[in-house]
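Novice: model the structure of this input:
(one chain, ligands or ions: 1)
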Amino acid sequence: MLTQPDSLLKYIEDASGLRLPDGHFIDGGFRAPRAGRSMQSEDPGRGEAFADFARGDADDVADAVASSRQAFNTVWLRTPPAERGRILARTADLIRRNTERLAIAECLDSGKPIAEARGDVSGAARTFEYYAGACDKLEGHVFPLPSEYVGYSQFEPVGVTAHIIPWNFPISTAARGMAPALAAGCTVVAKPAEQTPFTGLLLAELLVEAGLPAGVCNVVTGTGIEVGAPLVAHTGIDHVTFTGSVATGTSVMHACAENVTRSVMELGGKSPVVVLNDCDFDSAIANVAGAIFEHAGQICSAGSRLVIEAGIHDRFVEALGKKASSISLGHGLRSPGMGPVNSALQRDKVLGFLDRARERGAEFVCGGHASTDPETGKGYFVEPTIVADRQADDELVQEEIFGPVLTVQKADDAEHALHLANCTRFGLVAGVFTGNFSRAHQLARDVDAGQVYINEYFAGGVEVPFGGNKQSGFGREKGLEGLKSYCKVKSIAARIG
Ligand code: ADP
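Specialist: Residues are numbered from 1 along each chain as shown. Down below sits the predicted model:
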């Protein structure tokens with residue numbers, strides 16, 4: 001049964017009504033790629049290409065960086081902070097007014113259910129709103145020197161910033177990098193992932209509609225090798241914000257090292273959700289399911305390991321299995337419980353993990369197979385999957401799968417749960433579910449993670465800094481911490497008598 005009005009479903013067959021751009025966004029407008037090449041974006045909900053976009057190269061990158069440099073030196077650096085804030089605030093408003101177009105584009109590009117896509121668009125608007133208010137509040141310090149001196153600091157924008165965007169949260173990640181960079185007075189060259197090029201381009205167009213001067217925000221589309229690599233290696237880039245895999249992040253760090261370019265790295269995760277015997281059972285079930293099955297588990301901060309105390313293990317895993325098995329699959333525009341994974345490649349990667357686990361004798365509580373949209377028999381789907389208790393050294397415990405696969409780890413008590421929570425090379429997020437206030441905060445204190453969610457997974461918003469420890473990366477985005485990534489501190493000291 002269809003649960004969406006035809007007005008949305010028509011886009012599954014024909015996305016031309018969305019008027020998706022097929023050029024780069026450079027110098028305030030859409031521009032054909034220099035080499036005249038294009039590539040196609042696939043709708044993972046039916047496994048078919050639905051729109052063409054520009055396939056850029058190093059020449060397009062050079063144009064974009066030159067444009068951003070010129071705009072930085074001549075316009076944006078001199079734009080009063082309050083005016084920057086007004087432009088970002090208008091952008092937030094325009095994003096909200098364009099929610100449906102942006103959300104449908106995001107849904108077709110990434111596969112995520114339309115409700116999740118609308119949530120991402122709303123989050124992007126909120127991000128611009130938040131940083132709009134911060135532009136004119138970047139205050140420095142006065143240093144307590146002897147009376148014959150005066151010393152103070154001021155924040156300066158770092159300059160031209162590159163943003164390498166992943167395919168799981170295209171508009172959210174673009175907004176979370178662009179908004180603080182622009183707020184701090186930096187200019188931007190963004191490269192969306194080749195699987196999801198459109199909302200980054202549309203965002204740049206809305207920024208200009210909101211009054212952003214030409215060249216302050218440029219977007220070049222194409223592959224990681226042809227556009228991403230020349231962008232992060234460009235000597236005109238002063239800062240790189242990268243979100244993606246550890247392997248690609250490592251290669252980006254090498255490129256940054258060559259030019260001594262600063263960077264923020266948001267890499268992988270294998271985040272534990274610790275559930276203790278005294279939790280609120282129903283709430284914990286709902287949260288653990290949401291933590292791994294939202295966007296089919298393709299979230300770096302997904303709660304992909306359930307660390308569960310022995311006393312409720314059997315009852316909890318059984319109830320969770322029932323809940324997971326009841327999640328409906330379908331094309332994102334049909335408002336399913338869970339959408340597809342992003343590509344055939346991603347599906348096969350996930351299935352590879354599951355096949356190897358089967359060979360090692362793993363027990364599946366539910367799921368474990370590929371699937372399709374029941375309406376069409378098409379698309380790249382993986383069933384919501386839960387794998388019963390695995391040892392800490394198992395591949396399913398140690399490796400990021402980036403799919404709807406939850407691995408259970410049984411803990412004897414809270415202390416053992418902490419030990420299991422910390423047993424991987426990642427340290428992005430940890431969830432804690434318990435009715436014991438002190439125990440919750442002890443775990444929050446002791447777990448090695450950039451952020452801890454207590455009794456609600458994904459709690460918080462743009463106000464809360466986000467980033468990883470260990471191989472999950474370094475630097476923080478969101479919050480006022482995120483703004484600092486785009487600022488240089490200049491200290492000034494003077495002898496005054
Ligand atoms: P995945 O392997 O899941 O596609 P990646 O980490 O490779 O994830 O991709 C994240 C982003 O990094 C994408 O925008 C991609 O195009 C880009 N990218 C890939 N390779 C490079 C590279 N060598 N240099 C810069 N960016 C890259």
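Novice: got the domain ranges for the chain?
Specialist: Residue ranges for each domain of the chain read 5-267+475-490, 272-461, as given by automatic domain parsing.
Novice: go through these and name the closest to the ligand.
Specialist: Using CB to the nearest ligand atom as the measure, domain 5-267+475-490 is the one of these that comes nearest the ligand, at 2.1 Å. In short, each C-beta sits where N, CA and C put it, glycine included.
Novice: so is the closest one next to the ligand?
Specialist: Yes: using CB under 6 Å from any ligand atom as the criterion, contacts between domain 5-267+475-490 and the ligand involve 164-166, 191, 193-194, 223-225, 228-229, 232, 244-245, 248, 251-252.
Novice: out of those, which are buried?
Specialist: Among the residues of domain 5-267+475-490 next to the ligand, those classed as buried by neighbour count (16 or more other CB atoms under 10 Å) are 164-166, 191, 193-194, 224, 228-229, 232, 244, 248, 251-252.
Novice: ok, Lys378 - how many residues close by?
Specialist: Taking other CB atoms under 10 Å as the criterion, the count of residues near Lys378 is 17.
Novice: who's in contact with it?
Specialist: In this structure, Lys378 makes contact with 45-48, 372, judged by CB atoms under 8 Å, 6 or more residues apart in numbering.
Novice: quick one: which of these is nearest to Thr79?
Specialist: The shortest gap between Thr79 and any of the contacts of Lys378 belongs to Gly45, at 41.3 Å (CB to CB).
Novice: so where's the protein shaky on pLDDT?
Specialist: Per-residue confidence for the chain (pLDDT under 70) gives these ranges: 1-5.
Novice: try 50
Specialist: 1-2 (pLDDT under 50).
Novice: buried ones in stretch 356-371?
Specialist: Of the residues in stretch 356-371, those buried by neighbour count under the rule 16+ other CB under 10 Å are 357, 362, 364-368, 370-371.
Novice: can you redo those residues as a markdown table with secondary structure?
Specialist: Written out in a markdown table, the entries for these read as follows (DSSP: H, G, I helix; E, B strand; the rest coil):
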| residue | secondary structure |
| --- | --- |
| Ala357 | helix |
| Ala362 | coil |
| Phe364 | strand |
| Val365 | strand |
| Cys366 | strand |
| Gly367 | coil |
| Gly368 | coil |
| Ala370 | strand |
| Ser371 | strand |
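Novice: of the buried ones among the residues of domain 5-267+475-490 next to the ligand, which belong to strands?
Specialist: If you go by DSSP state E, those have 164, 191 in strands.
Novice: in helices, which of the buried ones among the residues of domain 5-267+475-490 next to the ligand appear?
Specialist: Assignment to helices by DSSP state H places the following of these there: 229, 232, 248, 251-252.
Novice: any idea which of those is the one closest to Tyr380?
Specialist: Among those, Thr248 lies closest to Tyr380 (CB to CB), at 21.0 Å.
Novice: I figured the closest one hits Ala229, correct?
Specialist: No: contact between Thr248 and Ala229 fails when scored by CB atoms under 8 Å: they sit 9.5 Å apart.
Novice: run a quick neighbour tally on the closest residue to Cys423 other than its chain neighbours.
Specialist: In space, and not counting its chain neighbours, Cys423 is closest to Ala392: 4.5 Å by CB to CB, 6 or more residues apart in numbering. Each residue near Ala392 was counted by other CB under 10 Å, and the total is 13.
Novice: what is the burial count for Glu318?
Specialist: Under the neighbour criterion other CB under 10 Å, Glu318 is assigned a count of 11.
Novice: before we move on, what about the one 4 residues further on?
Specialist: Per other CB under 10 Å, the neighbour tally for Lys322 reads 12.
Novice: which element is it on?
Specialist: Element membership of Lys322 [criterion: DSSP states H and E] is helix 310-325.
Novice: ok now that helix, how far from the chain's centre?
Specialist: From the chain centre to the centre of helix 310-325 is a distance of 29 Å (CA atoms, centre = their mean, to the nearest Å).
Novice: in it, which residues are buried?
Specialist: Taking 16+ other CB under 10 Å as the criterion, helix 310-325 shows 312-313, 316-317, 319-321, 323-324 as buried.
Novice: so Thr424 sits against Leu396, correct?
Specialist: No: between Thr424 and Leu396 no contact is recorded; they are 11.1 Å apart, counting by CB under 8 Å.
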